[in-house]
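Peer 1: Fold the following.
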Amino acid sequence: MSNPFVWIVEPLDPKQPLKKIFNLSKLKDVRYERLPFSIRVLLEAAIRNCDEFLVKKGDVENILNWKVMQHKNVEVPFKPARVILQDFTGVPAVVDFAAMRDAVKKLGGDPEKINPICPADLVIDHSIQVDFNRRSYSLQKNQDLEFERNKERFEFLKWGSQAFKNMRIIPPGSGIIHQVNLEYLARVVMDQDGYYYPDSVVGTDSHTTMIDGLGVLGWGVGGIEAEAVMLGQPISMVLPEVVGYKLLGNPQPLVTSTDIVLTITKHLRQVGVVGKFVEFFGPGVAQLSVADRATIANMCPEYGATAAYFPVDDISIEYLIQTGRDKEKVMCTKTYLEAVGMLRDFKNSSQDPDFTQVVELDLHTVVPCCSGPKRPQDKVAVSDMKKDFESCLGAKQGFKGFQIAPDRHNSIVKFNFEGCDFELTHGSVVIAAITSCTNTSNPSVMLGAGLLAEKAVAAGLTVKPYIKTSLSPGSGVVTYYLRESGVMGYLSQLGFDVVGYGCMTCIGNSGPLPESVVEAITQGDLVAVGVLSGNRNFEGRVHPNTRANYLASPPLVIAYAIAGTVRIDFEKEPLGINASGKKIFLKDIWPTRSEIQAVERQFVIPGMFKEVYQKIETVNKSWNALDAPSDKLYTWNPKSTYIKSPPFFDGLTLALQTPKTIEDAYVLLSFGDSVTTDHISPAGNIARNSPAARYLTSRGLSPREFNSYGSRRGNDAVMARGTFANIRLVNKFVDKQGPQTVHFPSGETLDVFDAAERYKQAGHPLIVLAGKEYGAGSSRDWAAKGPFLLGVKAVLAESYERIHRSNLVGMGVIPLQYLPGEDAGTLGLTGRERYTIIIPEKLKPQMNIQIKLDTGKTFNAIMRFDTDVELTYFHNGGILNYMIRKMAS
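Peer 2: Modelled structure (predicted):
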């Protein structure tokens with residue numbers, strides 16, 4: 001059918017009649033003028049894609065009527081302009097695409113129909129580890145090891161870039177996905193198929209929201225959902241509430257953007273923005289650079305919102321020019337946004353739209369801070385760090401507690417490193433990493449770190465050699481301006497050499513600590529510390545031996561590395577004493593905002609961005625040398641331990657199977673609150689005593705060849721065994737932390753995978769019990785695929801993280817939620833019962849269903865299929881099965 005809104009189509013410039021726009025201003029609808037700018041992007045996409053099939057006129061009306069409909073749980077479709085993937089989530093996506101081609105062929109269809117319709121970019125940034133540091137050759141050695149470990153995966157991805165149309169691969173060594181997106185891939189306004197329209201994106205990484213800082217609406221989705229978007233399907237979403245976050249005032253001279261985002265993260269966690277958009281406005285926004293805004297938008301998942309949107313303004317337009325974008329295209333971008341009412345002036349309050357709720361922050365009230373020791377929302381003022389850490393030591397085991405006996409708080413363990421004697425105690429820093437897209441994309445904090453390093457070296461300060469220091473920039477541009485401004489040498493002198501271009505420490509690719517350090521930590525049962533400029537610090541994520549991890553700005557990372565401990569009050573205690581015996585305090589070497597801005601103005605220039613990015617797809621010689629097959633169907637290698645055809649589509653038929661009641665299910669695991677995707681699907685190293693290690697050993701691999709879980713996401717046999725394999729997993733069925741559970745028929749305590757296998761062999765279905773925020777953290781499709789392969793049919797939780805719930809739906813696993821005011825405790829559930837989940841013949845979104853226990857107890861729960869589209873996926877056994885049937889029929 002033709003688009004019913006074709007009447008608002010017109011040329012942007014009458015001199016170029018073939019370049020058209022859907023001019024929303026022609027709607028002459030006062031409701032449009034009051035819409036939040038983020039909702040305007042949803043509206044434009046709905047109008048442009050309205051075909052009365054996937055997107056209906058009624059959907060457009062619902063979005064226009066946002067002020068009324070936002071509270072009514074209304075489902076609307078959204079077709080993003082593009083998709084972005086990183087390699088950890090990208091490999092399984094390409095594996096699924098290859099397997100889907102096979103499945104379509106088996107069902108008699110054309111396998112080449114399985115092809116990205118929506119443009120997709122895949123940035124390889126999650127595979128490099130900090131194996132070498134503090135050496136001039138660290139970068140090259142780490143990159144060589146990256147290719148040695150991942151050659152097979154990289155060859156597969158190169159095959160995918162050739163076999164599938166509309167898929168671009170950004171090779172390893174280029175930078176971090178979100179920084180590359182910000183500096184290079186983002187268009188702000190798309191110019192495609194004869195139309196201009198707002199750029200928008202969904203990504204298979206939860207920090208895709210970083211691009212919201214540039215005015216490109218984007219957020220993270222499950223890999224499964226992203227695959228459907230790539231195949232031309234809209235995202236089905238509940239029309240969100242939009243919280244207006246008003247920024248006022250100016251930041252203090254010593255405050256960084258990291259301090260601002262950690263303050264906002266804690267504030268918005270308290271406000272409660274899960275499932276909502278946050279849109280920033282107010283005069284304070286005009287005080288923030290795009291890099292500052294991107295830092296704030298990056299940590300959107302940590303405060304729980306779906307998106308954290310900064311509408312495009314003149315500062316955004318200037319950023320496009322600063323980063324080397326074509327000036328003519330940038331001017332066209334500005335003209336388009338002005339024409340459709342999407343260019344913002346934050347100083348003009350008459351432009352302020354309607355919001356669901358407004359909260360405020362005076363930027364002048366922000367103080368230097370960190371977050372930790374186990375969650376990104378647990379902000380601690382730097383002035384309180386010593387006191388806070390020491391209170392955590394003795395506090396009950398939990399997010400702010402380690403339960404160390406009082407008589408052991410000052411335990412000291414002596415050890416030898418490279419011929420010298422050192423001491424470790426609780427609070428000793430053993431990892432200090434300037435890492436992650438959150439901060440390395442921001443010249444102000446990176447140059448701030450460099451200037452602090454320069455002053456520290458001049459003052460005679462050093463970093464102890466056993467501390468694992470590293471610098472992993474988000475793009476080559478960072479190295480360029482650090483070198484040109486003259487601070488790189490000082491960073492190197494303190495041990496912060498460039499170790500790679502990728503996520504690295506932030507995702508657990510921190511590499512090994514020195515053996516003597518690990519022995520000392522283990523011997524004293526010490527709460528050792530990692531300090532990183534990242535966005536995640538959940539238990540067991542950064543490194544198995546750092547039980548406390550703090551998020552901090554890059555300058556503070558260096559400060560704590562010099563101090564060697566977090567048990568320091570910087571205002572009263574010196575960072576160190578130089579060779580002359582002089583006490584050096586942090587205030588003596590901390591650069592001011594004006595100092596940093598002066599250097600930034602001089603050295604961060606458009607030519608750098610152009611030079612780095614014009615050769616980004618060809619500069620990696622190792623990538624260029626890779627051989628990749630050219631067939632349209634992938635030839636699976638049965639000997640491969642990296643790439644394996646998944647069993648998701650085994651036995652798939654064109655006919656639908658009616659969903660059946662789940663009878664007498666056992667509980668595989670019983671959890672409390674805040675079980676993250678790091679707990680469910682680890683991305684770090686593969687433990688030598690784990691089921692995954694035993695499998696790889698049986699395939700002839702030695703421990704040094706195991707690589708990480710993240711690198712093996714293309715092999716379901718490894719990933720199923722790695723599910724719930726986190727060493728910090730707290731399962732109520734067992735007495736200590738670890739990846740084990742009770743197999744109730746035998747009463748034995750087994751590794752989770754081994755217990756699940758026994759249940760599966762006996763034909764017993766499984767469920768998981770959980771508390772609040774189940775599935776928080778990174779968007780990992782394997783956190784849904786893994787439980788599915790273990791035989792988990794449903795999860796019963798108090799609440800879910802948005803992306804993870806979507807991923808469960810995509811795999812056909814039922815997300816059940818306790819009724820308000822109920823939980824396992826109020827219902828008297830031990831998890832040792834057997835559960836029968838009644839699946840009615842006629843299903844409706846968010847309907848209540850009945851659960852019967854073998855004890856005779858019965859209670860109701862909410863079936864969290866939130867939309868009719870999600871029910872369609874469930875009836876098909878998951879979203880990919882739905883797409884295969886659609887393409888094969």
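
Peer 1: Output the lowest mean pLDDT helix or strand found in the chain.
Peer 2: Ranked by mean pLDDT, DSSP states H and E, the weakest helix or strand in the chain is helix 437-440, scoring a mean of 84.

Peer 1: and the protein, what are its domains?
Peer 2: 6-78, 81-238, 242-311+346-367, 404-611, 662-681+723-888 (the TED database).

Peer 1: which stretch among these comes nearest residue 385?
Peer 2: Across those, residue 385 has its closest neighbour in domain 404-611 (5.6 Å, Cβ to Cβ). (Glycine included, C-beta is placed from N, CA and C.)

Peer 1: I'd like the distance from that closest one to the chain centre, please.
Peer 2: Domain 404-611 has its C-alpha centroid displaced from the chain centroid by 22 Å (Cα atoms, centre = their mean, to the nearest Å).

Peer 1: Can you get me the start-to-end distance on that domain?
Peer 2: With Cα to Cα, to the nearest Å as the measure, domain 404-611 spans 53 Å from end to end.

Peer 1: what's in contact with stretch 616-632?
Peer 2: 101, 111-112, 143, 147, 151, 154-156, 158-159, 162-163, 168-174, 180, 184, 635 (Cβ atoms under 8 Å, 6 or more residues apart in numbering).

Peer 1: What residues sit buried inside it?
Peer 2: Neighbour counts over stretch 616-632 (16 or more other Cβ atoms under 10 Å) mark 616, 620, 622, 623, 626 as buried.

Peer 1: Switch the residues you listed over to a markdown table; also include secondary structure.
Peer 2: Output for the buried residues of stretch 616-632, formatted as a markdown table (DSSP: H, G, I helix; E, B strand; the rest coil):
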| residue | secondary structure |
| --- | --- |
| 616 | coil |
| 620 | coil |
| 622 | helix |
| 623 | helix |
| 626 | coil |
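
Peer 1: farthest-separated two in those residues?
Peer 2: That would be 616 and 626, which, of the buried residues of stretch 616-632, are the farthest apart (Cβ to Cβ) at 16.4 Å.

Peer 1: how about the nearest residue to residue 482, chain neighbours excluded?
Peer 2: Nearest residue to residue 482, sequence neighbours excluded (Cβ to Cβ, 6 or more residues apart in numbering): residue 488, at 4.5 Å.

Peer 1: Three-state assignment for residue 89, please.
Peer 2: Per three-state DSSP, residue 89 ends up helix.

Peer 1: just checking, it touches residue 683?
Peer 2: No. The pair residue 89 / residue 683 is not scored as a contact, 10.2 Å apart, by Cβ atoms under 8 Å.

Peer 1: so what sits against both of the two?
Peer 2: residue 780.

Peer 1: Return the distance of stretch 22-39 from the chain's centre.
Peer 2: Centroid displacement of stretch 22-39 relative to its chain, using Cα atoms, centre = their mean, is 31 Å.

Peer 1: scratch that, stretch 374-386
Peer 2: Using Cα atoms, centre = their mean, the offset of stretch 374-386 from its chain centre is 21 Å.

Peer 1: which residues of the stretch 1-150 of the chain fall in helices?
Peer 2: Applying DSSP state H, counting those that start in this stretch to the stretch 1-150 of the chain gives helices spanning 30-34, 37-48, 57-64, 66-69, 87-106, 138-163.

Peer 1: what comes up buried for the third one?
Peer 2: Neighbour-count burial for helix 57-64 flags 59, 60, 62, 63, 64 (criterion: 16+ other Cβ under 10 Å).

Peer 1: Show me which of these is closest to residue 213.
Peer 2: For the buried residues of helix 57-64, the closest approach to residue 213 (Cβ to Cβ) belongs to residue 63, at 23.4 Å.

Peer 1: Let me see the contact set for that closest one.
Peer 2: 39, 42, 43, 46, 69, 76, 239.

Peer 1: And these, which of them are buried?
Peer 2: 39, 42, 43, 46, 76, 239.

Peer 1: Out of those residues, flag the one nearest to residue 345.
Peer 2: residue 39 (18.5 Å).

Peer 1: if you skip the residues just before and after it, what's nearest to that closest one?
Peer 2: Setting aside the residues directly before and after it, residue 39 is nearest to residue 66 in space (Cβ to Cβ, 6+ apart), at 5.1 Å.

Peer 1: swap in residue 11?
Peer 2: Nearest residue to residue 11 in three dimensions, chain neighbours excluded: residue 17, at 4.8 Å (Cβ to Cβ, 6+ apart).

Peer 1: Could you give the number of residues near that neighbour?
Peer 2: 10 (other Cβ atoms under 10 Å).

Peer 1: packing partners for the longest strand along the chain?
Peer 2: Ranked by residue count, the top strand of the chain under DSSP state E comes out as strand 662-670. If you count contacts as 3 or more Cβ pairs under 8 Å, 6 or more residues apart in numbering; DSSP states H and E, strand 662-670 packs onto helix 752-761, strand 766-769, strand 792-797, strand 835-837.
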